[in-house]
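K.L.:
kindly generate the corresponding structure for this input.
(4 chains, ligands or ions: 2)
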There are 2 protein chains.
Amino acid sequence: MVLSKACTYGILASLYVARESSRSNGYVSIGKMSEKLHISFHFLTKILQELTSAGLLTSMKGPKGGVALKRDAGKITLLDIIIAIDGMKVFTECLLGMPGCGTEKPCPVHDEWAEIREDLYETFRSKTLGETVQKIEELDLRFALPELFDR
Amino acid sequence: MVLSKACTYGILASLYVARESSRSNGYVSIGKMSEKLHISFHFLTKILQELTSAGLLTSMKGPKGGVALKRDAGKITLLDIIIAIDGMKVFTECLLGMPGCGTEKPCPVHDEWAEIREDLYETFRSKTLGETVQKIEELDLRFALPELFDR
DNA sequence: TATATTTAAGACCAAATACTCTTAAATAAA
DNA sequence: TTTATTTAAGAGTATTTGGTCTTAAATATA
Ligand code: SF4
Ligand code: SF4
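P.N.:
Ligands and ions are numbered 1, 2, ... in the order given. This is a model prediction of the structure:
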């Protein structure tokens, strides 16, 4: 698996928050979100805390509390989320897991792997939450586990 | 990490076996191989057992025993090794870990991910152990952990 | 045939990841 | 100001992956 489970949940949740705030603006409840996305509340909370401390979300406690995007949805990319949760290693790690190996004395699959890694990076870097949510609405794409949130 | 540790070790070991048999033909000792590649003997043994039961290697017990390629090095691809150890899931799995999601109602990154996955598959499918070993010799590439085997 | 060598098999242990639970702190609203 | 609600923090548990160790079986060779 390229991304950790926590990271994929983080992406799905961020998209959910971006989508909700584009409608109702205000804080999005983690409890409600966890039900809609079918992700364990406590686990999701912890993941969102990472995004908050990374400066991508803000949170508020108490009734009507929850999380919200800190920047505009058009200014946060999927890459931002991934780096905050899994780190850059996703895009720098070696395919064959060799330490200290690089371009000077590469292994036989380095060139292809470096290119694929670059493609992945570019894919995430070029997608903002805003654009992605828009695409989801337009094309009726899915971004939740089995049952998509009702409406 | 795209490939499991076991899988990367399996690839490195297969290349080692292919390289050795191109010189000395006969069985390659797992003990010696584990020293040269700096991989734990017992762990390596277990991995090679998987490759043996997958029909990629043959083994022989006793003095002068070890493992050898079952088919010609030009007839075994890196993909064969990967499928034997990690399975096809490497190339079919969803980037966002969504179950039962496919092309009919895809998520916003499906197209890019499907293409990247396909590139990866093609990279491994197109590389035989034979060709790869040849490339290693010609270009003096590395395929062992820190210390490459001495000669 | 006896012995040393080597893989096979599987139990076992360790570390990382995934997930849960409890308690505390903040805050909105009654 | 009291209470209900909600996130924060961190301890605790489960599962998966990575790795070790022990014992058995095969076989070459002395
Ligand atoms: S050369 Fe191969 S082994 Fe080395 S970093 Fe690149 S992909 Fe990894
Ligand atoms: S559409 Fe997205 S979530 Fe669904 S299988 Fe493809 S990559 Fe995964």
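K.L.:
please verify my assumption that A:Thr123 contacts B:Pro108.
P.N.:
No. The pair A:Thr123 and B:Pro108 fails to qualify as a contact (CB atoms under 8 Å) at a distance of 10.3 Å. For the C-beta atoms, the positions are set from N, CA and C on the backbone; glycine is no exception.
K.L.:
comparing those two, which shows the higher neighbour count?
P.N.:
B:Pro108 (22 against 18; other CB atoms under 10 Å in any protein chain shown).
K.L.:
quick one: is the worst-scoring helix or strand of chain A on mean pLDDT near ligand 2?
P.N.:
Ranked by mean pLDDT, DSSP states H and E, the weakest helix or strand in chain A is helix A:129-139, scoring a mean of 85. No. If you take CB under 6 Å from any ligand atom as the test, helix A:129-139 misses ligand 2, and the best it gets is 11.1 Å.
K.L.:
would you mark the buried spots in that helix?
P.N.:
A:Leu129, A:Gly130, A:Glu131, A:Thr132, A:Val133, A:Gln134, A:Lys135, A:Ile136 (16 or more other CB atoms under 10 Å in any protein chain shown).
K.L.:
so that helix, near chain B or not?
P.N.:
Yes. Helix A:129-139 reaches chain B (CB under 8 Å from any CB of the partner chain) through A:Thr132, A:Lys135, A:Ile136.
K.L.:
now stretch A:31-49
P.N.:
No. Using CB under 8 Å from any CB, stretch A:31-49 never reaches chain B; the gap is at least 10.5 Å.
K.L.:
so what does the helix or strand containing A:Glu112 touch, helix or strand wise?
P.N.:
Assigned by DSSP states H and E, A:Glu112 belongs to helix A:110-125. Packing partners of helix A:110-125 (3 or more CB pairs under 8 Å, 6 or more residues apart in numbering or on different chains; DSSP states H and E): helix A:78-85, helix A:89-92, helix B:110-125.
K.L.:
can you pull out the residues in contact with that helix?
P.N.:
Applying CB atoms under 8 Å, 6 or more residues apart in numbering or on different chains, the contact partners of helix A:110-125 are A:2, A:77-79, A:82, A:90-92, A:94-95, A:101, A:103, B:109, B:112-113, B:115-116, B:119-120, B:123.
K.L.:
any of the residues you listed buried? List them.
P.N.:
In those, the ones that pass as buried (16+ other CB under 10 Å) are A:2, A:77-79, A:82, A:90-91, A:94-95, A:101, B:109, B:112-113, B:116, B:120, B:123.
K.L.:
ok, those residues vs B:Glu20, which is closest?
P.N.:
A:Cys101 (21.6 Å; CB to CB).
K.L.:
tell me, what's the model's pLDDT at the closest one?
P.N.:
On the pLDDT scale, A:Cys101 is placed at 62.
K.L.:
now do the one 4 residues further on
P.N.:
Note on A:Lys105: pLDDT of 68.
K.L.:
mind checking the longest helix of chain A?
P.N.:
helix A:5-24 (DSSP state H).
K.L.:
pLDDT averaged over the next helix or strand after it - what is it?
P.N.:
Counting by DSSP H and E, the element after helix A:5-24 in chain order, helix or strand, is helix A:30-37. Helix A:30-37 carries an average pLDDT of 95.
K.L.:
chain center to the longest helix of chain A, what's the gap?
P.N.:
Computed by CA atoms, centre = their mean, to the nearest Å, the chain-centroid distance of helix A:5-24 equals 8 Å.
K.L.:
quick one, it and helix A:30-37 angle?
P.N.:
100 degrees (axes from the mean of the first three to the mean of the last three CA atoms, to 10 degrees).
K.L.:
for the residue most central in space within chain A, give me its contacts.
P.N.:
The residue lying closest to the centre of chain A (CA atoms, centre = their mean) is A:Ile11, at 2.5 Å. Neighbouring residues of A:Ile11 by CB under 8 Å, 6+ apart: A:Leu3, A:Leu78, A:Ile81, A:Ile82, B:Leu96.
K.L.:
could you single out the nearest of these to ligand 2?
P.N.:
Nearest to ligand 2 out of those is B:Leu96 (CB to the nearest ligand atom; 4.1 Å).
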